[in-house]
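Enquirer: please work out how this folds:
(4 chains)
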4 protein chains.
Amino acid sequence: MATGRIGLWLIGAKGGVATTVMTGLAAMNRGLVEPIGLITETSAFHPLNLALCRDIVIGGHDIRDESLLDEARRMWTVSRAISPDILEAVTPDLQDIETRIRPGTVLAAGRSIQAIASSPESKKVTTPRSIIDRIRKDIVDFSDTNDIDRVIVVNLASTEPPWSLPIPNEFEEISPLLEQTTDSSPLPTSSLYAIAAFEADAAYINFTPSTGATPPVLNKLAQDRGIPHAGCDGKTGETLLKSVLAPMFRDRHLTVKSWVGHNIFGNLDGKILDDPLNKAAKVRSKDHLLASLLPSTPQTLVSIEFIESLGDWKTAWDHIHFQGFLGTPMTMQFTWQGCDSILAAPLVIDLVRLVDRARLAGEAGSLPWLASFFKSPLGCTEQGFAAQMNMLHDWVKKSSTQP
Amino acid sequence: MATGRIGLWLIGAKGGVATTVMTGLAAMNRGLVEPIGLITETSAFHPLNLALCRDIVIGGHDIRDESLLDEARRMWTVSRAISPDILEAVTPDLQDIETRIRPGTVLAAGRSIQAIASSPESKKVTTPRSIIDRIRKDIVDFSDTNDIDRVIVVNLASTEPPWSLPIPNEFEEISPLLEQTTDSSPLPTSSLYAIAAFEADAAYINFTPSTGATPPVLNKLAQDRGIPHAGCDGKTGETLLKSVLAPMFRDRHLTVKSWVGHNIFGNLDGKILDDPLNKAAKVRSKDHLLASLLPSTPQTLVSIEFIESLGDWKTAWDHIHFQGFLGTPMTMQFTWQGCDSILAAPLVIDLVRLVDRARLAGEAGSLPWLASFFKSPLGCTEQGFAAQMNMLHDWVKKSSTQP
Amino acid sequence: MATGRIGLWLIGAKGGVATTVMTGLAAMNRGLVEPIGLITETSAFHPLNLALCRDIVIGGHDIRDESLLDEARRMWTVSRAISPDILEAVTPDLQDIETRIRPGTVLAAGRSIQAIASSPESKKVTTPRSIIDRIRKDIVDFSDTNDIDRVIVVNLASTEPPWSLPIPNEFEEISPLLEQTTDSSPLPTSSLYAIAAFEADAAYINFTPSTGATPPVLNKLAQDRGIPHAGCDGKTGETLLKSVLAPMFRDRHLTVKSWVGHNIFGNLDGKILDDPLNKAAKVRSKDHLLASLLPSTPQTLVSIEFIESLGDWKTAWDHIHFQGFLGTPMTMQFTWQGCDSILAAPLVIDLVRLVDRARLAGEAGSLPWLASFFKSPLGCTEQGFAAQMNMLHDWVKKSSTQP
Amino acid sequence: MATGRIGLWLIGAKGGVATTVMTGLAAMNRGLVEPIGLITETSAFHPLNLALCRDIVIGGHDIRDESLLDEARRMWTVSRAISPDILEAVTPDLQDIETRIRPGTVLAAGRSIQAIASSPESKKVTTPRSIIDRIRKDIVDFSDTNDIDRVIVVNLASTEPPWSLPIPNEFEEISPLLEQTTDSSPLPTSSLYAIAAFEADAAYINFTPSTGATPPVLNKLAQDRGIPHAGCDGKTGETLLKSVLAPMFRDRHLTVKSWVGHNIFGNLDGKILDDPLNKAAKVRSKDHLLASLLPSTPQTLVSIEFIESLGDWKTAWDHIHFQGFLGTPMTMQFTWQGCDSILAAPLVIDLVRLVDRARLAGEAGSLPWLASFFKSPLGCTEQGFAAQMNMLHDWVKKSSTQP
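Expert: Predicted structure coming up:
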C-alpha cells in the first residue's frame, strides 16, 4: 500500500542533524547502508504501513549562506563521523536538496543565533506576521512544486534562549501583536515557524528545547486545524541514559544523593549553547526529569560546554552518588561518547513517519505516546524510558489493527 | 495483622551477605537506620501485609569456625562499608544469632570451597543422605526451639563449580544414589541443602549461581510438597545494569558490536571465584542475558578477578561498543563502585518476605515474577529489568486484592 | 640531634585540612598510624635532621565559633574519610589544641567568607594595621607561652576572590594605607596574615590560591627579615595529575587539542568556591600550568562544583583529546577519587618541616625548590612534576651535606 | 649534511604498525601530514643531523600472502584510524614497497603464529641455519639492489610464546645446534631474525616482547660485530601511563595497594595474544615495571583481550587503589583510547633514526638510553618515564656536541 509522497521541511537545514538526515536517507535509498538506529524499520512497526523512506522529499530553511555540501561534509572533515565515501556517493542528492532550501529568519532568536546568520534575507527586520507569511509560502510552494501529499516541518535549529514574556492563551490575543514590529514580538522565532507550519497545513515536530508549539495556545491551534505535532527536545544521549538509569535506582529503593552530568562537544549547536542564555534552556530540559523519576530529589548539576576539537562527538560524564542499605554511600559513573547528529537523525526520520501515520489516523494536537523520543515530552508526565516505550508499543498495537 | 514468626535460615551464615542481612535487620529493629534498598518497605508493597522485619529469627549453617562477630566486623575493618558504631550496637543481636549457627557441609562442594572449611564437622565424609538428614534436623530443631511459624532457607554460600554430571528427572532415581558414598554424589552440595529445606517444609531461595533447586526434579519436589522457591543468582550490580541498559540499545535499534565487563573485588566470594572452575559458573550467569536481550548477539566478555585490597567493594568497568546510524561506531563505558554485600542484603530480605507471602497465598514451585531479583531467573525468559519489574508489580497488584 | 620545638600556626584552624593535620600528627605521635603520604618520612630525607613530628605544637586562627572537635569529626560523620576510632583516640589532643585557637578576621575576605564567619571578634571592623597587630600578638603569645623555638604560619583558609587592586611594590607605600579603615584595605586578608607572620618572626606557607605573600613587596619584606616562605596553592589531586601527564604528551610530541577537567566536592572550601568570585581564583590556579607545559596551547576548561553529598571527597574527571601520528584523534580520560584533606594534610606537614629546615640553613624569601608542592609555585616557572621533584631532591642532596 | 640512504627492513611488514610506518613516511614525504608523534622532529633533536625521513627505503619479511595495499587499508576499513584520502594518496608508495617484501619464517614461532601464515615459503621446515641464511640474503640483496648505506631491521611481528629452553651464553655452543632440524631449534624465530640482521651487518630493533636479541649471547654477537641494537617491546599506551603515573605515587609516598589494567583491542596482534601462551609473554612485559617503580609491591593484574569490533583501537581501563594519610583508601581510574599502530609507528621511525645515529657514533650492543621507548628496556633498570627521558636528552646533548 502506498501512502503517498511526504515532504520533510527542516528548519536549520544546513545543521549537523539535518545534513545527517539527508545523507542517511539518500544512502539508504541508494542501498549503501543498513537502517541502524531507525526503530520504524524493525518488525514491530511493519504492520503500520508507514510512509516509505524513498517517498520522503526534503527541503527547508536556514539562516546561513554556506553551501549545504560543505556543511554536510563537516561530518567527515571536522568530526570523522560519516565515512567520506558515503558523503561522496550522495553528493547529487544533496545538490538536489540544496535547490529547495530557503532563507530562514532570526527575528526574536536572540543575540547568539543572530550572530551566526549569514543570509541577508534571514536578518531582515519586519513584523512577525510578514515572517510567518513568507515561511508559510515557502512551505506551500515546496509542497506544490514537488507534488507532495503531506508535509511535516521539523525544527532542528540551534536552541533559543528561554522565552520570558507571558504568552496569551488565545490566538485572538496574539494575532494583533504579530502585526507589530519585532521590538515586541509576542513569540520567539521557533513559535513563528510552528504557526507557519500549521497555517501551511503541515504537521510539526520540535526536536529542540526551544518554545516551538509548546504553548497551549499553539497546541489549540493545531487541534483546531486537525494537525498533530510532537516535541520537544530529542532525547539522544546523556538524558536518554538518565531516563533509563534513574528508574533502576527508584525501583531498587536506592537513595540518589547527587547526580552530576558534564557534557562537552564542539559543533555549531555547542557554540550557540556557549551563550549562557541559550544554555539555560538546554540545561533545564536535560535536568528536570530526575526530579520526576526519583522519589527523593537529589542535588543535580548539568553542564554543557563547547570544546571545539570534539566536533559532533558529544562526550558526557555522569557521576551518580547514591546510598544503599545501612546508609552506605556508593557511586556509579558513565562516559557516553556519542555522535550527536548520528544519534539524532534516525529519531527525526522515525518521528516523521510516526507523526505522519498519526495524521492519517486522524490524531491532532500533541502526541504523548511519542514521549520516548523527547527530553520534555508534550502532554505526558512519564519520564522513564521503559514506560515510555510501552506507551509507544501500545499505540503501535492499537494502530496496527486499524484499517 | 500479624503474619507470625519467620525463621530465616542462611547457608553461608558467616559470609558478607549473611552478616549484612543480620546487621541490617538488627539495626532497623533498633531504629538505627532507614530501610534504604528494601523495596518491600515502599508504599506499593504495603497492601501485601508482609511479614514484619522484627518477626524474623535468624539461624544458619557455615563451614567455618570463625567467630560470627569477627566476620561481621570485617565489613568495617576490611571494607569500610558498614559504620563501626552500627556494628557495635548490634553486637548482642549477632551474639544471639551465633548460638543458632550449625556446621555446614562441603560434601561435593569442590576443591576451593573445601579448602576454606575450618569446621571439622563440615568436612566429615559420609553419604549424601546422612548429610541431608543432619541439615534437615538442624532446620527443624531451629524451627521448634524458636517457636517459628514458617522457615525460609537462603543459599548465600560461595559459588560452586558448574555441575557436569547429568541429573535424573525423577526423585526416585536420585534417592538410592544419595545412600551411596560421596565419591559418587548425584547432586552438588547446594542441591543437598535444597532437598533438606524442602524435606524440612521450608521455602528455599538460591541467591547464588550454584545448582540449588534449579534442576526440574527439585522443582517438582517443591511443587509436590506445596513449597515455593526462587532463584538464582542475585542481580546486584554489573548484571543489573546490563539488564537495564541492553533494552535501551535494543529499543533504539542500535547494534551492539561488543560488550566487555571487568569485575574486581576482594571478599571471600572473590577468593573462591579465583578458582577457574568456580568462576566459570559465575561468568556464565553474568553473561548469558545479553544474548537474550539484544537482537544481534554481540561479542561479550566477562571477567571477575580477586583483588584483595578492595574487600567487599565490587568495582565493575563495562565497555560497550555499538554502531549507530550510517554505521558510525560509538562507545559507552560505565564504572560501578558498589559494595557487594550492601547491595545484596536488602534483596535477600525482600525475597524472604515475598516468597513467604507467596507461600501463604498457596504458590508452589519456582516463582517467575521474582525475575527482577536474579541474574538467571527460574521459570522466566524475560531478562529486561523494566519488564521484570512490571511482572513483579502485576503480582503485587493481583495479590493485594486477595484476602 | 634535637632541632627544637616548632610552633605550627594554622589559619583556618577548624577547616578540614587543619583538623586532618592535627588528627594525623596526634595519631602518628600515639603510634596509631604509619606516616603514609609524608615524603619527609622517607629515607631520602633522613640526612636532613628535620624537626620531629612530636616536637610540633599547634595553634591557630579561625573565624568560626564551632567546636574544633565537632569539626574534626566531620571527616568521619560527613565524609567517612578518617576512621572514628582514630578520631576518638586523639580527642584529648584536639581538646588541648582548641585552647590555642584564637578568632581570625574576615576583613577584606569577600562576601562568601564573611557569610560563614560566626565568631564576633573575627567580624570586627577596624584598620588593617590593628588586625595585623592583633594577629601578630596572638602568634607571639603562642610562641612565648608554649616555649617554642620557631613558628611557621600556614594559610589553610578558604579561597579569597582574586584581588583586583594594584599592590604597591614598596612596603613604605603600603604602611600608611594599613592605618586607614577597611573600606580601602590595600591588601586582601591573606596578605594581612602574611605580614603579621613576618612581623612575628614566623615563616609562612600559603597552601591556598589566595594572595598571601605572593606580591613582590611581601617577598621583599620576608627577605629583609631573613624569613623563608613558600606557596602557593597545594597541588593535591587533579592539578597534580596534570603536571604528571602533560609532560608525557609533550615528550611524545602528541598534540593536545583540548583538556577538560571537572571537579566536584562538598566540603566547606567547596561551598566558598560556589561563589563565582572565589572560584575564579581557584580555576586560574588549576588551569594555567597546561599552557606552560604543552607546546601548542590546547583549549582548556576547568570547573569546580559544590556537590554537598560528596563531603571531602573531591572527584575529578578529566578528558584529554589529542592528536597522534597522521592526525588521528585519540582520547584519555581519568577519574580521581581523592579525599581532599587527606591528600593535603601530609603536604602541609612536609612543607612545615622543609621550610623550617631552610630557615635553619639561612634561606629567606620564596623557596622555588618546593615547586612540586604547589599549583602556582613562587619563584619557579617549571610546572612538570618530575622536574620539580628533581629540584627538590637536588636541594635535599645539597642540604644533607651541610653541617 | 647528508647521512646517506637508510634501509628499513620490517619483520611483519604487512602488519598494522608496519603499514602505518610506510603510510606515515610516504604521507610526510608527500607533504600531506605534520610529523605529530615523531620526537626526532622536535627542535631538541635537530643538532643530531639524523637521517632524513625521505632517505628511508623500506622492505621486509612477512609470513602472509595478503596484499600489502589491502592490509594497509584496513587501518581505515576496519579501524577508521587513517583517513582514506591519505591511504589513496600513498598507494603508489605502498605498491613500490610491496615489490621489496619477501616471505618470512614461522620456524619455532609457536602454534598461533603458524596458524596465520599463508605464504608457503614461510612454512618450509628446514634447519635454523638455512632460515638465517635465507633471511640474511634477503636483507643483503635489499641493501645492494637499493643502493643503501646502512640497514636497520625492526621486529614488528606478532608476539611469540615465552621461550622456555635455556639459551647458551656462547655463540659457539649455539652454532652447531642451528644446523639441526627444527625439532630442536635452540632459539625462537625472533632470535633467528636478529642473528640474520647482525650477520647482514644491520642494526636491530625489537619492538615486541619476543626474545629477539635479548639473550646475552646475541648482545655479545652485536658487540663483536660493532652493531647497536635496542629493545624490547614498544611502550605505546597503558604501560607508558604506568611508567608516568607510578613515580607520582612513589614520590608522594602514597601506598598503592592494587593496580589492575584491562586492555581490549581487535587487530591481528590481539588475535595472536588470544592464545594464552603468547599472551603470557605480553602480560609479563606490561606488568613487571610496577614492582620496580613502587616501594611496596602492590597486587597487580593485567589482562589483554581480543575484541574484534575494536580493530586497532586499544582501549585500556586501569584501576589504581591506593592508601593515603591516616590509611584512607582512594582510587584513580583511567581510560586510554589509543590507536595501537598510530602510537607505535612514530616510535619506530624515531628509533630507526636514533639507532642509526648511534651506529655512526660507534656505539655497539644494546642502547640503554633508549629506555623511554620500551616496556622492557635492555641494559637499563630505570622504568620511570621522566627519568628515562632525562637519559635520552643527556645522550642527545652529549651527541650534539660530537663532530
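Enquirer: from here on, contacts and neighbour counts on C-alpha atoms
Expert: Fine.
Enquirer: what parts of chain A come near chain D?
Expert: A:Pro84 (Cα under 8 Å from any Cα of the partner chain).
Enquirer: centroid-wise, who is the farthest residue in chain A?
Expert: A:Leu326 (43.1 Å; Cα atoms, centre = their mean).
Enquirer: just to be sure, that one is in a strand?
Expert: No - going by DSSP: H, G, I helix; E, B strand; the rest coil, the assignment for A:Leu326 is helix, not a strand.
Enquirer: thinking A:Met389 is in contact with A:Ser372, fair?
Expert: Yes - in this structure A:Met389 lies within contact range of A:Ser372 using Cα atoms under 8 Å: 5.9 Å.
Enquirer: those two: which is more packed in?
Expert: Ranked by neighbour count (other Cα atoms under 10 Å in any protein chain shown), A:Met389 and A:Ser372 place A:Ser372 first, with 26 against 19.
Enquirer: let me know the helix or strand that the residue nearest to that one when sequence neighbours are not counted is in.
Expert: Nearest residue to A:Ser372 in three dimensions, chain neighbours excluded: A:Gln388, at 4.9 Å (Cα to Cα, 6 or more residues apart in numbering or on different chains). Taking DSSP states H and E as the criterion, A:Gln388 maps to helix A:385-400.
Enquirer: A:Arg80 too?
Expert: With DSSP H and E as criterion, A:Arg80 is part of no helix or strand.
Enquirer: A:Asp144 now?
Expert: Per DSSP H and E: A:Asp144 is located in helix A:128-145.
Enquirer: sheet partners, orientation included, of the following helix or strand past that helix?
Expert: The C-terminal neighbour of helix A:128-145 among helices and strands, as given by DSSP H and E, is strand A:150-155. Its sheet considered, strand A:150-155 pairs with strand A:6-11 (parallel), strand A:203-206 (parallel) by DSSP bridges.
Enquirer: show residues contacting strand A:150-155.
Expert: With contacts defined as Cα atoms under 8 Å, 6 or more residues apart in numbering or on different chains, strand A:150-155 is touched by A:4-12, A:143, A:190, A:197, A:201-208, A:212, A:348, A:352, A:356.
Enquirer: what's the angle from the next helix or strand after that strand to helix A:128-145?
Expert: Next helix or strand after strand A:150-155 toward the C-terminus (DSSP H and E): helix A:171-178. Relative orientation of helix A:171-178 versus helix A:128-145 (axes from the mean of the first three to the mean of the last three Cα atoms, to 10 degrees): 100 degrees.
Enquirer: for the next helix or strand after helix A:171-178, the distance to its chain's centre please.
Expert: Following helix A:171-178 in sequence order, the next helix or strand is helix A:189-199 (DSSP H and E). Chain-centre distance of helix A:189-199: 15 Å, with Cα atoms, centre = their mean, to the nearest Å.
Enquirer: and what of stretch A:170-182?
Expert: 26 Å.
Enquirer: at the geometric centre of chain A, which residue sits there?
Expert: In chain A, the centroid-proximal residue (Cα atoms, centre = their mean) is A:Phe207; its distance is 1.2 Å.
Enquirer: quick check: phi and psi on the residue of chain A found nearest chain B?
Expert: Chain A approaches chain B most closely through A:Phe334 (4.0 Å), counting by Cα to the nearest Cα. Here is the backbone geometry of A:Phe334 (degrees, to the nearest 10): phi -140, psi 150.
Enquirer: need the pLDDT of A:Glu88.
Expert: On pLDDT, A:Glu88 comes in at 96.
Enquirer: does chain B have contacts with the longest helix anywhere in chain A?
Expert: Criterion DSSP state H: the longest helix present in chain A is helix A:340-360. Yes - using Cα under 8 Å from any Cα, helix A:340-360 reaches chain B at A:342-343, A:345-346.
Enquirer: helix or strand right after that helix?
Expert: Following helix A:340-360 toward the C-terminus (DSSP H and E): strand A:365-366.
Enquirer: where does the stretch 201-350 of chain A get nearest to chain D, which residue?
Expert: Distances between the stretch 201-350 of chain A and chain D by Cα to the nearest Cα are smallest at A:Thr335, namely 10.1 Å.
Enquirer: can you report phi and psi for A:Phe306?
Expert: Residue torsions, per degrees, to the nearest 10, at A:Phe306 are phi -80, psi 110.
Enquirer: give me the domain ranges for chain A.
Expert: Domain assignment of chain A by automatic domain parsing yields the ranges A:6-234+A:342-400, A:238-338.
Enquirer: which of the ones you listed comes out lowest on mean pLDDT?
Expert: Among the domains of chain A, domain A:238-338 has the lowest mean pLDDT, at a mean of 91.
Enquirer: quick one on the thing from earlier: C:Thr105 is nearest to which of the domains of chain A?
Expert: Of all the domains of chain A, domain A:238-338 sits nearest to C:Thr105, with 32.2 Å by Cα to Cα.
Enquirer: anything in that closest one near chain C?
Expert: Yes - if you take Cα under 8 Å from any Cα as the test, domain A:238-338 does meet chain C, through A:257-258, A:262, A:299, A:307-310, A:317, A:321.
Enquirer: most neighbours, which of those?
Expert: The most neighbours of any of the residues of domain A:238-338 next to chain C, using other Cα under 10 Å, belong to A:Ile307, which has 25 neighbours.
Enquirer: residue contacts, that residue?
Expert: So A:Ile307 contacts A:264-266, A:270, C:258, C:299 (Cα under 8 Å, 6+ apart).
Enquirer: which one of those is nearest D:Phe249?
Expert: Scanning these for proximity to D:Phe249, where the rule is Cα to Cα, the winner is C:Ser258, at 25.4 Å.
Enquirer: what helix or strand is that closest one on?
Expert: Residue-wise, C:Ser258 maps onto strand C:255-265 under DSSP H and E.
Enquirer: name the nearest residue to the residue of the stretch 101-250 of chain A found nearest chain C, ignoring sequence neighbours.
Expert: In the stretch 101-250 of chain A, no residue comes nearer to chain C than A:Glu238, which is 16.0 Å away by Cα to the nearest Cα. In this structure, A:Glu238 finds its nearest non-sequential neighbour in A:Ala316, 6.3 Å apart by Cα to Cα, 6+ apart.
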